[in-house]
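**Student:** Sequence and predicted structure below; questions after.
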Number of protein chains: 2
Amino acid sequence: MSHAANHGGKTPLAPPDSPSPLGLHRVLDPPGVLPQAAWRLDADAAIAPDEVRVRVDRLNLDAASYRQLRETYAGDPDKIRAAVLDIIATRGKMQNPVTGSGGMLTGTVEEAGPASPLGLRPGQRIATLVSLTLTPLAITDSLYRWDGQSEQVPCEGHAILFARSIAAVLPDDLPIPLSLAVMDVCGAPALTSRVVQTADVAVIIGAAGKSGSLSAAAARRAGAATVIGVVPTEAEAALLRDSAAGLVDEIVVADARDPVGLAEKVQQAGGPADVTVVCVDAAGCEGGAILSTRQGGTVIFFSMATSFSAAALGAEGLAADVTMLVGNGYVPGHAEFALNLLRTTPQVRNLFERRLAE
Amino acid sequence: MSHAANHGGKTPLAPPDSPSPLGLHRVLDPPGVLPQAAWRLDADAAIAPDEVRVRVDRLNLDAASYRQLRETYAGDPDKIRAAVLDIIATRGKMQNPVTGSGGMLTGTVEEAGPASPLGLRPGQRIATLVSLTLTPLAITDSLYRWDGQSEQVPCEGHAILFARSIAAVLPDDLPIPLSLAVMDVCGAPALTSRVVQTADVAVIIGAAGKSGSLSAAAARRAGAATVIGVVPTEAEAALLRDSAAGLVDEIVVADARDPVGLAEKVQQAGGPADVTVVCVDAAGCEGGAILSTRQGGTVIFFSMATSFSAAALGAEGLAADVTMLVGNGYVPGHAEFALNLLRTTPQVRNLFERRLAE
């Protein structure tokens, strides 16, 4: 049965001279890497049959990237503008070479290739849900409308979407900032909905936040018998009680970084959890999440502050037979699912509008 | 449905004055934390009804801990011995205060409390599979038999196992170093076996290593139609072909840190994978594992070099709808399962014996 490594005849990921769903054909330097890892992309406006060209109207720079630019140029708008223009012209994408980060964009579909699987039509207003770090981009207006004072960059230009890009149509019935805020965290409710089963006890750590409130609504929709919301302070508990009554069944005020304290309070509130969803961006929540979950249960980590080794070693040290999932930001249909949760769950909409107004 | 945080009447994790399955009653300083996080544990030889006392004969210090001690004391055996004795006497456990790491131990069961769920009987030779960092320990022989020249510490003393500790009986039919090497990685094959389904394509990254070869055997046992083993060099490929013929169906020589290169080779060898298991301790393998896995498939990360954010953002950037699991080192019955794989898979035993002989 054992064979040598010499194979042939099967379809490679990207046949020579044909477009790759991942955009490999747009990679100029170094050749052969993924677009995100590339130094320079080809932002040619002519599209391949499976690509989409978007007329860009706004970039939303990643917060870390914008902060680096503002600090480097001491807040000078001309220098910040020039730096962003230079990055985009040089790299064919908006990827800050210092932070490595990008952001996202909004725009209007200009042309969709006949073989594009994204289902977009010219004239649709969309937001990209994949990073600017892998999106071919060209700017044509010198960013003259941007004051350099925030990460919101009004602009004119074009961007290219690949077959495996992710874009969402901006709905007509919601303000754009609200839609963008929902799309920013839409992976969490979609995966929560996949994992939570009827009659489960679901624990949402960070339930008053954006991804947390959507995940709580998703757990309820999936048939959870009990949804326990964990928040760090009495003020957050009051926010849940007053602005989102009924979103969760039980509110627990606890420090999620204290495993024993958290698990005891969750147990008193109806736990342990069948499914625990970690939606707070604090480090050190792995042990508490694991200890709040029953043997055989599942923990979904959505916090980017999650430590892989703390999760793996923590479960082992607690002899905890729990399934631990890395929160994947992509689940097919995630944006539409999250927008519908917001539309049909007044408590979630209340919380989002309060956060956006802050 | 919404309630305030004030609850009562349910069973807390550890009723006052009764033993905790997690060993909370052994924590002296600071009170209320888990034993692993504690500065000092109570290593009293008298056991609670759900505890087990082990007569210790050997400590196996974590490699990072031993290296730190050897370097700090310039290899002086007397100073290294004194430092280890001081740590254990002060902390009630062998947790290196600089590295934070511990190790494991072997010994003989001396007394098992009537309420212990571990199923151990006096006289059994065991290894602990939870870290020394959370195991109450006392040493009585001044470590006089240890030369300080390796992380293997022959000793006399006692250790305490809690209800939720993990220990495995050392089998009579295998050399102890071989059993310990298997137990060290036994979580990987157990979780692989849970995830792989009949007729799956399984890709094992690092298939010639210890956890990789066991995972390959587990995938085969679980009914995988094709097992593809990825190795970094022709030498490792030759090792698989010569010492482990038939363990995998296809051998791929690829750099697992090159996503496009790896995925193309895996595809040519019969991929993409339904399940990919990452068993190499190199950083930067997340993208390749994700790209080698079909939409809807699963990646299990067993490497401690895995970056949580690289996995989460990588899947999103590739629009990859893959389930990503944090490799939990604990699955009930994992040690026995892995030892049986080794006993019944001559190729795995060959590979382990070659590694141990190196």
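**Tutor:** Structure received.

**Student:** quick one, strands of the stretch 1-150 of chain A?
**Tutor:** A:27-29, A:40-41, A:52-61, A:103-112, A:125-128, A:137-139 (DSSP state E, counting those that start in this stretch).

**Student:** Chain B is nearest to which of these?
**Tutor:** Comparison of the strands of the stretch 1-150 of chain A against chain B by Cβ to the nearest Cβ identifies strand A:27-29 as nearest, at 9.2 Å. All C-beta spots, glycine's among them, are computed from the backbone N, C-alpha and C.

**Student:** Check which strands are paired with the closest one and give the direction for each one.
**Tutor:** Paired neighbours of strand A:27-29 in the sheet (DSSP bridges): strand A:40-41 (antiparallel).

**Student:** Residues in contact with the partner strand: which ones?
**Tutor:** With contact meaning Cβ atoms under 8 Å, 6 or more residues apart in numbering or on different chains, strand A:40-41 is reached by A:Gly23, A:Arg26, A:Val27, A:Leu28, A:Asp29, A:Pro35, A:Thr90, A:Arg91, A:Gly92, A:Lys93, A:Leu134, A:Pro136.

**Student:** Now for the second one: which residues touch it?
**Tutor:** Put plainly, it is A:Arg26. With contacts defined as Cβ under 8 Å, 6+ apart, A:Arg26 is in contact with A:Pro35, A:Leu41, A:Asp42, A:Ala43, A:Gly92, A:Pro136, A:Ile160, A:Phe162.

**Student:** Regarding chain A, what is its longest helix?
**Tutor:** Scanning chain A for the longest helix, with DSSP state H as the assignment, gives helix A:77-91.

**Student:** Of the contacts of strand A:40-41, which is the nearest to chain B?
**Tutor:** Closest to chain B, out of all of the contacts of strand A:40-41 and judged by Cβ to the nearest Cβ, is A:Leu134, at 5.7 Å.

**Student:** wait, what's in contact with that closest one?
**Tutor:** Shown in contact with A:Leu134 (Cβ under 8 Å, 6+ apart): A:Gly23, A:Leu34, A:Pro35, A:Gln36, A:Leu41, A:Lys93, A:Gly102, B:Gly317.

**Student:** If we use 7 Å, what do you get?
**Tutor:** A:Gly23, A:Pro35, A:Gln36, A:Lys93, B:Gly317 (Cβ atoms under 7 Å, 6 or more residues apart in numbering or on different chains).

**Student:** Need the pLDDT of the closest residue to the second one other than its chain neighbours.
**Tutor:** Distance criterion Cβ to Cβ, 6 or more residues apart in numbering or on different chains; nearest residue to A:Pro35, sequence neighbours excluded, is A:Leu134 at 4.0 Å. We have a pLDDT of 94 for A:Leu134.

**Student:** what ranges of the stretch 101-250 of chain A fall below the confidence cut-off?
**Tutor:** Applying pLDDT under 70 to the stretch 101-250 of chain A picks out no residues at all.

**Student:** Let me see the contact set for A:Ile80.
**Tutor:** Counting by Cβ under 7 Å, 6+ apart, A:Ile80 makes contact with A:Leu69, A:Arg70, A:Tyr73, A:Gly148.

**Student:** From those, pick the one nearest chain B.
**Tutor:** Checking the contacts of A:Ile80 against chain B by Cβ to the nearest Cβ gives A:Leu69 as the nearest, at 20.7 Å.
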